[in-house]
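[1] Sequence first, then the predicted structure:
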Amino acid sequence: MLSNGTSPEGCSNPRITEWEGSLLMLVDCKDGQRVYESRDMGTTWTGTIGTLPGVWTKSKSIIWDVSLHVDSLITATIEERKVMLYSQRGHALREEKDAALYLWVTDNNHSFYVGPIVMDNDKDWELASTLLYSDGKLHLLQRRGDYESSVMSLSRLTEELSTIKSVLSTWVQKDIFFSNLSIPTAGLVAVLSDAANNGMWSDEYLCLNATVMKGKKARGGFRLTEPNSGVSWSVNTRDENVRHVSLSHNFTLMAWVTIEEIPSGNTPLLTATLGDTKSPYTVGLSYTADKTWETGLKGKKTTQSGSWEPKKEYQVTLMLQGKNASVYIDDKLLGEEEVPLTGERPLELVRFCFGACGEKEGHEQESHVTVTNVFLYNRPMNPTEVSVIKDKVHMLKKVLKLQVEGAPKPFAPAGSGLLPLLLLLGLWVFAAV
């Protein structure tokens, strides 16, 4: 807790913006970046974890690597939707390669990577930037210089703003679509359903795609029935000089799965890898040859509970609330474990895997499942919500069936074809009454 609106000792370069009635302050400190929140107009500030998607706070390194930290942060209303825009450095300036600034847009649920907006191969020049949005125009004000001289420049980000508007339009249309199905959109981060392209399972909100290995497309998802077939979904990750944080210590992952045949042994269905890259923790759900479920934490004895039947579809829910991880099958609690995580910093690594994701190199893994309609929320869901979504996804499946029979594609990029489908959905609901 900070008082009198002061930054903590050893921290500097505060960036302050308003969000949902609070002030957010991002500061650079010796051990990384920190985010503080004030609900009394700056009189007191409280440290917060996971408030800003994409902001990597409290690095564990003694010497803080200045790479991949947020450089500029602003709030803007674009296309009648309030969002935050931030620029993120691409790598440490001491490295022998191009320096870069990357642009992101977030509404604190979804975070879209717009792309690089500055590239500079002169490692001797420092780089500082400020984003400016006014009168419907987005600009980047940047300073480049060394100890002896500096240069200021102002550039207009026309193409980037056009991309942002298109993405925000998709977010709005997706929210309308799922709301019409009575599926909650509060805290909805990403959805994997019927969109796929070139080995990728595409997020309907255009933000977090998953990688498919040896999977065959099915309505609303993929059949993972070949050896070593699986879906890998990295949510909190560092990839291609971009560090992305979507989830903190509270989330819900929900998917619909069908086990196509009885395996020869214990076979992984869903694996969640959490924590940091040096000592990650694994929470898993498996199915066995005697048709029982197994849940467990890596390093601990697994627990068998409940039973399953081939060719029957199940709703699988994995939830993390603080340090408590729980698994539900058809909205019934299957098992729960305490995960040895610390709440002092965001989860450095969050990765979900359906089927086989190459955890054992050189070892062929079985997979006999079909996975469809995956929903990811940045908050725990209550039992009522889990049950409601279970019921409403059946309507989503009927919509996808109508699509196959000739209706416009509901999940085309940027929401193409979605509004006609909403009309079709309304007619279908009316006819069903």
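    Thanks, I have the structure now. Residues are numbered from 1 along each chain as shown.

[2] so who does E385 touch?
    By CB atoms under 8 Å, 6 or more residues apart in numbering, the residues touching E385 are P184. C-beta: built from backbone N, CA, C; applies to glycine.

[3] confidence score at it?
    Per-residue pLDDT puts E385 at 92.

[4] my guess is it is in a helix, correct?
    Yes - judged by DSSP: H, G, I helix; E, B strand; the rest coil, E385 forms part of a helix.

[5] Return the distance of it relative to P184.
    6 Å (CB to CB, to the nearest Å).

[6] Give me the secondary structure label for the residue of the chain positioned farthest from its centre.
    Distance from the C-alpha centroid of the chain peaks at E148, with 42.3 Å (CA atoms, centre = their mean). Per three-state DSSP, the secondary structure class of E148 is coil.

[7] what does the model give it for pLDDT?
    At E148, pLDDT is 75.

[8] And for F430?
    We have a pLDDT of 42 for F430.

[9] now E366
    Confidence score, pLDDT, at E366: 87.

[10] Would you agree it falls within a strand?
    No - going by three-state DSSP, the assignment for E366 is coil, not a strand.

[11] Roughly how far does the residue farthest from the centre of the chain sit from N209?
    On the measure of CB to CB, E148 and N209 end up 45 Å apart.

[12] same check, this time on V151
    For V151 relative to N209 (CB to CB), the value is 38 Å.

[13] and if you look at T370?
    In terms of CB to CB, T370 sits 19 Å off from N209.

[14] Counting neighbours, go ahead and name the busier of these two.
    A direct count of neighbours by other CB atoms under 10 Å for T370 and N209 places T370 higher, at 23 against 18.

[15] Please name the nearest non-neighbouring residue to the residue nearest to the spatial centre of the chain.
    Centre of the chain computed as the mean C-alpha position; nearest residue by CA atoms, centre = their mean is S246, 4.1 Å away. Leaving aside its chain neighbours, S246 sits nearest to V235 (4.9 Å; criterion: CB to CB, 6 or more residues apart in numbering).

[16] now do I74
    L131 (4.9 Å).

[17] Same question for R39.
    Counting by CB to CB, 6+ apart, the residue nearest R39 is S22, at 5.2 Å.

[18] any chance you could read off phi and psi for the one you found?
    phi -120, psi 160 (degrees, to the nearest 10).

[19] Assess the claim that it and E37 are in contact.
    Yes - between S22 and E37 there is a contact at 5.3 Å, judged by CB atoms under 8 Å.

[20] Just the helices from this structure, written as ranges.
    Ranges of helices within the chain are 158-180, 383-404, 418-432, based on DSSP state H.

[21] Give me the neighbour count for the closest residue to L52 other than its chain neighbours.
    Excluding the flanking residues, the one nearest L52 by CB to CB, 6+ apart is V35, at 5.5 Å. Per other CB under 10 Å, the neighbour tally for V35 reads 23.

[22] bridging residues for V35?
    Note on V35: beta-bridge partners by DSSP bridges are L26, T48.

[23] what does V212 give?
    Going by DSSP bridges, V212 forms beta bridges with V231.

[24] Was I right to think it contacts M200?
    Yes - in this structure, V212 is within contact of M200 by CB under 8 Å, at 6.8 Å.

[25] Give me the more crowded residue out of these two.
    Neighbour count, other CB under 10 Å: between V212 and M200, V212 has more, with 25 against 13.

[26] Quick check: the gap between that one and T225.
    When V212 is compared with T225 (using CB to CB), they lie 13 Å apart.

[27] and if you look at E18?
    Counting by CB to CB - E18 and T225 are separated by 50 Å.

[28] Between those two, which is the more surrounded one?
    More crowded of E18 and T225, by other CB under 10 Å: T225, with 17 against 13.

[29] Can you name the residues that contact the more buried one?
    K216, E260, S367, H368, V369, T370.

[30] ranking the residues you listed by neighbours, who comes first?
    That'd be V369 among the contacts of T225, by other CB under 10 Å, with 30 neighbours.

[31] Please list all residues in contact with that residue.
    R223, L224, T225, V257, T258, I259, E260, L269, F354, G355.

[32] go on, T48?
    By CB under 8 Å, 6+ apart, the neighbours of T48 are V35, Y36, E37.

[33] how far away is the closest residue to V191 other than its chain neighbours from V114?
    Closest residue to V191 apart from its sequence neighbours, by CB to CB, 6+ apart: E204 at 4.3 Å. Separation of E204 from V114 (CB to CB): 18 Å.

[34] Who has more neighbours out of those two?
    Neighbours were counted for E204 and for V114 using other CB under 10 Å; E204 has more, 26 against 18.

[35] Is that one in contact with A195, as I believe?
    Yes - E204 is in contact with A195 according to CB under 8 Å; the separation is 6.2 Å.

[36] Mind pulling the model confidence for L425?
    On pLDDT, L425 comes in at 56.

[37] how about T43, phi and psi?
    phi -70, psi -50.

[38] where's it relative to Y36, distance?
    Applying CB to CB, the value for T43 to Y36 is 12 Å.

[39] Between these two, point out the one with more neighbours.
    Y36 (23 against 12).

[40] Looking at per-residue confidence, what score does the more buried one get?
    So, for Y36, pLDDT stands at 87.
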